[in-house]
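[1] My questions concern the predicted model and sequence given below.
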Amino acid sequence: MLMRTDPFREMDRIVQQLSGTSGTWSRPSTMPMDAYREGEQYVIALDLPGVAKDAIDIDVERNMLTVKAERRPVAKADDVHMELSERPLGVFSRQLVLADTLDTERITADYEAGVLTLRIPIAERAKPRKISIGGTNDHPQISG
């Protein structure tokens, strides 16, 4: 048996037992995230430990990126009695507004070791470029 000393968690547990709800109803759903530029792309890394790859959904509509993930309970046998449940279960989501300078048509996603990594290339139109100057190099002569 596990012993806890946090009185608020103990109150949560008692309320959950009385109401018959799961262990996550009172906790906020979050996805910790890092975002940074790496060369010619932006990288977004979201922590999703314990989430199966097929339980992650990524959508882009215009410039709105939405990531939804569901952490499902571990299948339990009938003779298993949960003593402690602190890992949040349920659906988590995060929405990000992407800048117009990013190419939302070429986003890639990888999932490894509980981290979802999105790579978003910078749009060609947003990259610095040289502008050539047209015309002649000769200046008109002023006669005097």
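    On my side now, so go ahead. Numbers count the residues shown, from 1 in each chain.

[2] For stretch 76-88, buried residues please.
    Buried residues in stretch 76-88, counted by 16 or more other Cβ atoms under 10 Å: Pro88. In short, each C-beta sits where N, CA and C put it, glycine included.

[3] Report the distance from that stretch to the chain centre.
    28 Å (Cα atoms, centre = their mean, to the nearest Å).

[4] Using CSV, list the CA coordinates for it.
    Output in CSV follows, covering the C-alpha atoms of stretch 76-88 (Å, rounded to 0.1, in the frame of the first residue of the first chain):
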residue,chain,number,x,y,z
LYS,A,76,-7.2,-3.5,-15.8
ALA,A,77,-8.3,-7.0,-14.7
ASP,A,78,-11.4,-7.4,-12.6
ASP,A,79,-9.3,-8.2,-9.5
VAL,A,80,-7.2,-5.0,-9.7
HIS,A,81,-8.0,-2.2,-7.2
MET,A,82,-6.4,1.1,-8.0
GLU,A,83,-4.5,2.4,-4.9
LEU,A,84,-3.1,5.6,-6.4
SER,A,85,-4.0,7.4,-9.7
GLU,A,86,-2.1,10.7,-10.3
ARG,A,87,-1.4,10.4,-14.0
PRO,A,88,-4.0,12.5,-15.9
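
[5] for the chain, what spans make up the strands?
    Counting by DSSP state E, one finds strands in the chain at the ranges 33-38, 41-47, 56-61, 64-71, 90-97, 108-112, 115-121.

[6] Go through the ones you listed and name the closest to Ile131.
    Smallest distance to Ile131 across the strands of the chain (Cβ to Cβ): 22.5 Å, for strand 115-121.

[7] Perfect, that will be all.
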